[in-house]
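A.B. asks: attaching a predicted model along with its sequence, questions to come.
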Amino acid sequence: MVGVTPRILRPEHPAPRPLAGLVDEFGLQVEADLDGVEVTGITNDSGDVQPGDIFAALPGARRHGAEFAADAVERGAVAVVTDAAGAALLRTDAPVIVLDDPRAALGEIAAWVYRTAEQPPKLFGITGTNGKTSTSFMLEGLLSDLGFVTGLSTTAERHVGDLVVTSKLTTPEASELHALLARMKEAGVRAAVLEVSAQALERHRVDGVLFDVVAFTNLSHDHLDDYGSMEAYFDVKLELFTPDRAVRGVVCVDTDWGARVAERSRIPVTTVTSDPERSADWRVDIWEETPASTSFTLTGIDGGAIEVQVPFIGRHMAVDAAIAILMLVEDGFEIEAIAEAIDRGMRPTLPGRIERVSGDSGPAVFVDYGHSPDAFAQTLEALRRVTEGRLIMMFGADGDRDATKRAEMGRIAASLADAVVVTDFNPRTEDAASIRAQVLEGARAVAGDKPVVESSPEEAAIRVALSMAGPGDTVLWAGPGDADYRDVAGVREPFVARDEARLALHEAGWDDGSLGRSGDVR
Ligand SMILES: CC(=O)N[C@H]1[C@@H](OP(=O)(O)OP(=O)(O)OC[C@H]2O[C@@H](n3ccc(=O)[nH]c3=O)[C@H](O)[C@@H]2O)O[C@H](CO)[C@@H](O)[C@@H]1O[C@H](C)C(=O)N[C@@H](C)C(=O)N[C@H](CCC(=O)O)C(=O)O
Ligand SMILES: Nc1ncnc2c1ncn2[C@@H]1O[C@H](COP(=O)(O)OP(=O)(O)OP(=O)(O)O)[C@@H](O)[C@H]1O
């Protein structure tokens, strides 16, 4: 989707609620006259304040939101919710509600403000290290085929029916999430799919939401800068499988982490695996992989079976599709109805996930959002199975994010590809050359005779990668996916990998007129 401006979706016609009602409902203390104070929204971002909002002034890693309260009130905020440290910073005549932990209350308060607990749409939540966005898009597509007006919240996009906006965070802050749900209700959305990151669970972003069905895709090395250990990262994810958060669940047990989620879940779950060595309630048996699709049979222990073809490459995409299907089964949909929806065609709408950007001539070129060792492994193994010639991988590791995965990303790339081009990927405030050096060390440790080339910036690197490739070969550019920017020295500049790859293909003489069409999924 080209030209979509990032923005926050709120209800267009919010019904005002008296601030005094909120104070009563939650037993809050306020030393101010609340007579006539009406609330229509809530936000923790001063830049997003609309007249009638409560401004939640939260403590952060960099700033205290209370520093921005005067600005928020000037923009029309009618009250401020903060903590004691924030209250000490405030200079405002607006009513102030002081809580020990305002972030922990934000979801419940936002649910009250936007009335999102009243007749919510069906809610589906997906967590895991990789595959959340892919599974979410597939599930939204199936729900739409089943006749629902749908909503979606992912790393890539948020949807309210046909309205599409690009996302900032994977899971929005609680105030933004409830505003989005209220907008969905206004638009008649009857089923919504939300990606739930570990950061969201830990930072109360999905508080005040009760999911009908949640799913766990997998857990692998990522975000150790935030969590310190895989155990701590796992514990955060497990929280989604508790009765306060969800009614039922689907768990992929392809990893041991999945098996542990199934064991320790406090809500009923159904399990699925694509690994013949593991047992589960449902099995994924892949019987065909082509450069354009993957076909599999999903079989239940009670004998129910469904044949599925997804227009995406790879076992991991088949697993994501199976999880989406089983979330519907868990919600009570008949398997026949789901099968009919699949037969009508699972729509190929996966922005930047193993997305083909090349045309009919020259090497096949894919951009992908994978930025972790396991995502690399899954995608390279999938592409290997549908590539006749050589597999060339180009990627970088992102700055200001888990540095412990960089060498491993290099090792996986050099083990599974035939040639590697190490470049940059959102260095943010770090030195790009030193990130590349960490990746190269891992790659060169296992590469043997395989070429491992360093090239920066990305514009140069994709041309180097293409110079190594010809017809029958595949080039995978992993990292940027569908992103429309790159972050260099803390500044976001416009950059679209698929456009750059197509330009490089054109310059290399691989533009036969089909460029920009065969891979153009949006
Ligand atoms: C660790 C984390 O999640 N940090 C988020 C958090 O920052 P923070 O609480 O430290 O906030 P801060 O920047 O110190 O500001 C304090 C408060 O002042 C407010 N403020 C700040 C500036 C201003 O002008 N006006 C204003 O009101 C802020 O909204 C905030 O409430 O609140 C900010 C405002 O909402 C977010 O932008 C920021 O996300 C940062 C950018 C981020 O990168 N988060 C990542 C780690 C994240 O959450 N990722 C997961 C997905 C991961 C994955 O699966 O790959 C996600 O769900 O996106
Ligand atoms: N089931 C899976 N198992 C492992 N890797 C996967 C799986 N599904 C997708 N991937 C890989 O992970 C990459 C990111 O996929 P996707 O965007 O769906 O995951 P995500 O969980 O939403 O990621 P993020 O949390 O970073 O937004 C894909 O481009 C692919 O390389």
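C.D. replies: The structure has been received and is ready for your questions. Numbers count the residues shown, from 1 in each chain. Ligands and ions are numbered 1, 2, ... in the order given.

A.B. asks: could you list the low-pLDDT ranges of this structure?
C.D. replies: Across the chain, the ranges flagged by pLDDT under 70 are 1-6, 347-349, 516-522.

A.B. asks: tell me who's in contact with the residue most central in space within it.
C.D. replies: Most central in the chain under CA atoms, centre = their mean is residue 155, positioned 3.5 Å from the mean C-alpha point. Going by CB atoms under 8 Å, 6 or more residues apart in numbering, residue 155 touches 132, 133, 167, 169, 170, 195, 369. Glycine gets a C-beta too; all of them are placed from N, C-alpha and C.

A.B. asks: quick check: closest non-adjacent residue to the second one.
C.D. replies: Counting by CB to CB, 6 or more residues apart in numbering, residue 154 is the residue found nearest to residue 133 once chain neighbours are left out, at 4.5 Å.

A.B. asks: how close does that neighbour sit to residue 350?
C.D. replies: Distance, residue 154 to residue 350, using CB to CB, to the nearest Å: 10 Å.

A.B. asks: sorry, back to before: of the contacts of residue 155, which belong to helices?
C.D. replies: Using DSSP state H, the members of the contacts of residue 155 that fall within helices are 132, 133.

A.B. asks: distance of the closest residue to ligand 1 within the chain relative to residue 136?
C.D. replies: Going by CB to the nearest ligand atom, ligand 1 is nearest to residue 60 of the chain, at 2.2 Å. Residue 60 sits 27 Å away from residue 136, going by CB to CB.

A.B. asks: so which of the two has more stuff around it?
C.D. replies: Shown here are residue 60 and residue 136; by other CB atoms under 10 Å, residue 136 has more neighbours (30 against 11).

A.B. asks: in a strand, that one, correct?
C.D. replies: No: going by DSSP: H, G, I helix; E, B strand; the rest coil, the assignment for residue 136 is helix, not a strand.

A.B. asks: that one and residue 376, how far apart?
C.D. replies: To residue 376, residue 136 is 21 Å away according to CB to CB.

A.B. asks: got the residues of the stretch 51-200 of the chain near ligand 2?
C.D. replies: 128, 130, 131, 132, 133, 134, 155, 170, 195, 197 (CB under 6 Å from any ligand atom).

A.B. asks: apply 5 Å and report the result again.
C.D. replies: 130, 131, 132, 133, 134, 155, 170 (CB under 5 Å from any ligand atom).

A.B. asks: partners of residue 39 in the sheet?
C.D. replies: residue 17 (DSSP bridges).

A.B. asks: count of neighbours near it?
C.D. replies: 23.

A.B. asks: isn't it up against residue 25?
C.D. replies: No: Residue 39 lies out of contact with residue 25 (CB atoms under 8 Å); the separation is 11.8 Å.

A.B. asks: count the neighbours of the closest residue in space to residue 28 that isn't next to it in sequence for me.
C.D. replies: Spatially, and ignoring its direct neighbours in sequence, residue 28 is nearest to residue 97 (5.2 Å; CB to CB, 6+ apart). By other CB under 10 Å, 23 other residues sit near residue 97.

A.B. asks: i'd like the first residue to be 53 from this point on
C.D. replies: Sure, I'll start numbering at 53, so the last one becomes residue 149.
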